[in-house]
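Participant: quick one, what's the 3D model for this:
(2 chains)
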Amino acid sequence: MLKFIVKRLLWMIPSLFAVSFLSFVLIQLPPGDYVTTYIATLAASNEIVDQNTAAQLRERFGLDDPMLVQYFKWIWGILTRGDFGISFEWQQPVSGLIWERMALTLLLAVASLLATWAIALPIGVFSAVRKYSIGDYFFTAFTFFGLSVPSFLLALVLMYVAAVEFGQDVGGLFSSEFETAPWSIAKMLDLLTHLWLPVAILAVSSTASLIRVMRANMLDELPKPYVTTARAKGLSEFRLLTKYPMRIALNPFISTIAWLLPNLISGSVVVAIVLNLPTAAPLLLQSLMAQDMYLAGAFVLLICALTLIGSLISDILLALIDPRIRLE
Amino acid sequence: MHDGQKPSRGVTRRTVLAGLGAAVALSAVARRAAAATGKEAPQLAALVKDGKLPPLAERIPPKPMVVKPFEKTGAYGGTLRRGLRGSSDHNGILRMVGNQGLVRWNMDFTEVLPNLAESWEVSADGTQFTFHLIPGVRWSDGHPFTAEDVVFAIEDCVKNSELYSATPAQLTVAGKPVVVEKIDDHTVKFTFAAANALYLENLATPLGQHPTLFPKHYCSKFLPKYNPNLEADVKAAGVTSWTELFRAKCGDIEIPSRWGNVDKPTLDPWVVKEPYSGGATRVVMTRNPYFWQVDTEGNQLPYVDEINFGISQDVESLMLNVISGKIDIQERHISVLANKPTLSQNMEKGDYRLLTLVPSAAQQCQIYLNMTHKDPAMRKMFADKSFRQALSLGLNRQEIIDIVYFGQSELFQTGPRPGHPWYHEKLARQFTEFDPDKANAMLDKAGYDKKDADGIRKRPDGQRVFFAIDVIPTLYPDLVDTLELVKAQWAQIGIDVKVNTIERALYYTRGDDNAHDAAVWPGSGGLDPMLDPRDFFAFHPQGSRYAIPWTLWYTSNGEKGEEPPESQKQRFKLFDEARSTADLAKRGEIMKQLFDITAEEFETIGVCLAVGGFGIIRNNLRNVPEKQPDSWSWPNPGPALPQQFTFTS
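Facilitator: Residues are numbered from 1 along each chain as shown, chains lettered A, B, ... in the order given. You can find the predicted model right below:
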């Protein structure tokens, strides 16, 4: 096991390099650079950049250097000084910008994951055990609805109803009076009143798919002889379900951890933008749109690192929970 | 919005007087008498009472600038809510807050008025400008604003070649940067290498804010010339060079970090309380206790306590805030034709009225055929004047106006808008009639008389007459609709075009590389023909898209680009002449000659007069002109003076 982990960790180093280089190239691929995009954005409001200033911006950001030179400058800064560079747009260090938004991002991701599990697990088991009952049909209808409605559309409709019909303040995670207030009980409560909407929206589609997966896995397990044996031995139905088939059916839940970590940043981009959430996702999209290279590059690098770590963790957990995987 | 200013004033004065020692009281009374009518916001009065702020008379100049409220004297209080977009929207703050240059525009966008400079003299040859600053103005931290600051801003900052590797275009004439000297504490002289008669107008635009942007007592800390320990400070701040530190701390006219530092003193009516940064979800500006303007009754401005700019990542959610009444004034980002029905429908629910924007642009959809195309055959075709005229005659403009713009426009080519003193009939209306027969005849005569099986004309070299028109759908969705109609109409006269919808950065890159066949953009110069004459001759390297290489030749004094024809050179000369003529009537005459040539050459094809935008104002927000120019040079709503906007309960 230890050898396995060390090997996986060592493999991460070259893959991170490869990915960071690839992402740097990809970010540069669209026509133009940060300065062109900047001029174009201002032009959208009929605003003009001083002609001499535009030329000097490019020089200042080193955008005229060959791409390889730009990449090595950047990666050298990260390796030697832990310096991810400066965001062109904000003139702020990239690491500060990202960390600023991490806490709320983490909170939102964990909350919606827990909500998803809490809803999907029992319903999935129920649907499988009471196959083709009215309840199963009801939840099946719900899951297909949840899978097919795009979450941003759901967000927009809910926001419209809440704002226009009920006059409620829905965007963001805090009411305006709490936005910059220090943490307190009142602020926590305010956060909770705002948090349910994004959590519900984010949970809908993932809940739907997990219910389907859980149901299918349980249906695979339920007719197996060991279930019949256990039942014949007089085990209570609840105990039987939780102790045997459910444990095996849980594997897909564990696997979701692998994509939970990268999802922290890149998941739910559209929903976060529509709902105006102060999470990392909108910042990532902005940086890509503005071709703010170092910020976007740092994000992509972070996402890759998290994906690698996430899949390592889920592999370890799977091995712990399911002895069959360990043996193989 | 809350209590009026009267009770708090009485309390303050009495309390302050009571708390002062006899000797001090004498001098204080004398000074207070000078500004006896001065009134201030209740919160400031409370701070004065607590001794945390000097009294009003010591904060504002003895003779402050007096602003006449648009409708009536306002009451203090309230938070004005406005929306920003998530990224690159710093100019949304600039337009509302940061509008304090030496001079400013009047409401009609026709005349330059005194601002921080209470008067000025221009030398007869148009090379020297002497400004007299209002004595006693203070930065938002209480430090006096003097001629030293102006000299510092230009000589030490803007002309510093490490900070600005090229001096901004506005401050450069005949290739040489301006020289600024201090005459006395409140007088500065700007000397240009050659005549620069347009300087006052330029100074009134946002790009003219440099002279009042950098407070010497604060920003000199970030210049090596003044701070021997700067290198250590740079390291401590974790940035790589002092120029980065300077920009982060002192900003520049239009970069986000101008609004990202709460410590930087300014001369604006409101100062940053919650900064604009990458992680921000809102920006809050709070009143500047040292703001140097008063209303006609001597009340210190601004009336409104705070401005709260909510940051919407998505324009749709901004619209939702507008129609549910959560925004007090907004035109930025929502002024799209498609939004107008929704906004009109919800006027009652959102409790707002509509704001009309008068476009400063001339043309809604200017079609630029690339007369300097890289392909010689295309170049020859586009350079043929009768070809361009025939295309113009082949447009059924009324149909486009009726379908795309709901009939809200008129047939138009280019030039100053109707009603402008320089309006030029021929330039504006020639070849706007729909005459397909004449267009066909002209095309036949020009050598495009053979057609292929689809009825599309052939060039003399046998190729189809075909070109692509670049357009950015995300920026100007209406132009895509217009072009679809243009395509159908031109097909009738045997011309095949492709509506090339592309991403905006690609649009610019293709322009910079001179790789486009044709492009569309709203045509400028309707109200500000001197400031943006890009459609009248090859002036703007990113804008005059019918001949980018000619613009490069012009801006680089013949070093780069491609030599333009004589008619362009004549106009370069005329424009330079107009630029250096201070007398408005004489300048108009020169510009008329320029317009005559432009009309004769017929380089661009226009569709219809630029259509006005709109916005909303909440019904309880008063003193807001309901009709404003819409321009970057007149950075609406700034010149309508938001400091005198006020809430009724």
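
Participant: so what's the residue count around residue 165?
Facilitator: Just going to use chain A. When neighbours are counted by other CB atoms under 10 Å in any protein chain shown, residue A:165 registers 9. (Each C-beta comes from the backbone N, C-alpha and C, glycine too.)

Participant: my question was about chain B, not that one.
Facilitator: Using other CB under 10 Å, residue B:165 has 15 other residues around it.

Participant: backbone phi and psi for it, please?
Facilitator: Backbone geometry at residue B:165, expressed as degrees, to the nearest 10, gives phi -60, psi -20.

Participant: can you check residue B:183 too?
Facilitator: Residue torsions, per degrees, to the nearest 10, at residue B:183 are phi -90, psi -50.

Participant: so what's it closest to, chain neighbours aside?
Facilitator: Nearest non-adjacent residue to residue B:183, counting by CB to CB, 6 or more residues apart in numbering or on different chains: residue B:189, 5.6 Å away.

Participant: list the contacts for the one you found?
Facilitator: By CB atoms under 8 Å, 6 or more residues apart in numbering or on different chains, residue B:189 lies in contact with B:128-131, B:180-181, B:183.

Participant: any idea what it is bridged to?
Facilitator: Under DSSP bridges, the beta-bridge partners of residue B:189 are residue B:130, residue B:181.

Participant: residue B:145 versus that one, what's the distance?
Facilitator: As defined by CB to CB, to the nearest Å, residue B:189 lies at a distance of 17 Å from residue B:145.

Participant: check residue B:225 too.
Facilitator: According to CB to CB, residue B:225 and residue B:145 sit 21 Å apart.

Participant: which stretch of helix or strand covers the residue lying closest to residue A:321 once chain neighbours are set aside?
Facilitator: The shortest distance from residue A:321 to any residue other than its chain neighbours is 6.3 Å, reached at residue A:254 (CB to CB, 6+ apart). Using DSSP states H and E, residue A:254 maps to helix A:251-266.

Participant: residue boundaries of the strands in the stretch 51-200 of chain B?
Facilitator: Per DSSP state E, counting those that start in this stretch, the stretch 51-200 of chain B carries strands over the ranges B:65-67, B:79-85, B:103-105, B:112-114, B:117-122, B:128-133, B:172-173, B:176-177, B:179-184, B:187-191.

Participant: okay, those in TSV with mean pLDDT next?
Facilitator: Output for the strands of the stretch 51-200 of chain B, formatted as TSV (pLDDT from 0 to 100):
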stretch	mean pLDDT
strand B:65-67	94
strand B:79-85	92
strand B:103-105	94
strand B:112-114	93
strand B:117-122	94
strand B:128-133	96
strand B:172-173	85
strand B:176-177	90
strand B:179-184	95
strand B:187-191	96
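
Participant: which stretch among these comes nearest residue B:270?
Facilitator: Smallest distance to residue B:270 across the strands of the stretch 51-200 of chain B (CB to CB): 9.2 Å, for strand B:79-85.

Participant: and the helix holding residue A:254, what's its mean pLDDT?
Facilitator: Taken as a whole, helix A:251-266 has a mean pLDDT of 72.

Participant: sorry, back to before: so the residue nearest to residue A:321 makes contact with residue A:319?
Facilitator: No: Residue A:254 sits out of contact with residue A:319 when judged by CB atoms under 8 Å, with a separation of 9.9 Å.

Participant: hmm, back to that, and residue B:225 and residue B:145? Which one has more around it.
Facilitator: Looking at residue B:225 and residue B:145 with other CB under 10 Å, you find the greater number of neighbours at residue B:145, namely 26 against 9.

Participant: could you list the low-pLDDT ranges of chain B?
Facilitator: Judged against pLDDT under 70, the low-scoring parts of chain B cover residues B:1-38.

Participant: what of the stretch 1-150 of chain A?
Facilitator: Filtered on pLDDT under 70, the stretch 1-150 of chain A yields the residue ranges A:43-48, A:50-52.

Participant: could I get the strands of the stretch 51-200 of chain B as JSON lines with distance to residue B:336?
Facilitator: What follows is the strands of the stretch 51-200 of chain B, written out as JSON lines (distance: least, CB to CB, whole Å):
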{"stretch": "strand B:65-67", "distance to residue B:336": "32"}
{"stretch": "strand B:79-85", "distance to residue B:336": "13"}
{"stretch": "strand B:103-105", "distance to residue B:336": "26"}
{"stretch": "strand B:112-114", "distance to residue B:336": "32"}
{"stretch": "strand B:117-122", "distance to residue B:336": "38"}
{"stretch": "strand B:128-133", "distance to residue B:336": "40"}
{"stretch": "strand B:172-173", "distance to residue B:336": "37"}
{"stretch": "strand B:176-177", "distance to residue B:336": "40"}
{"stretch": "strand B:179-184", "distance to residue B:336": "42"}
{"stretch": "strand B:187-191", "distance to residue B:336": "41"}
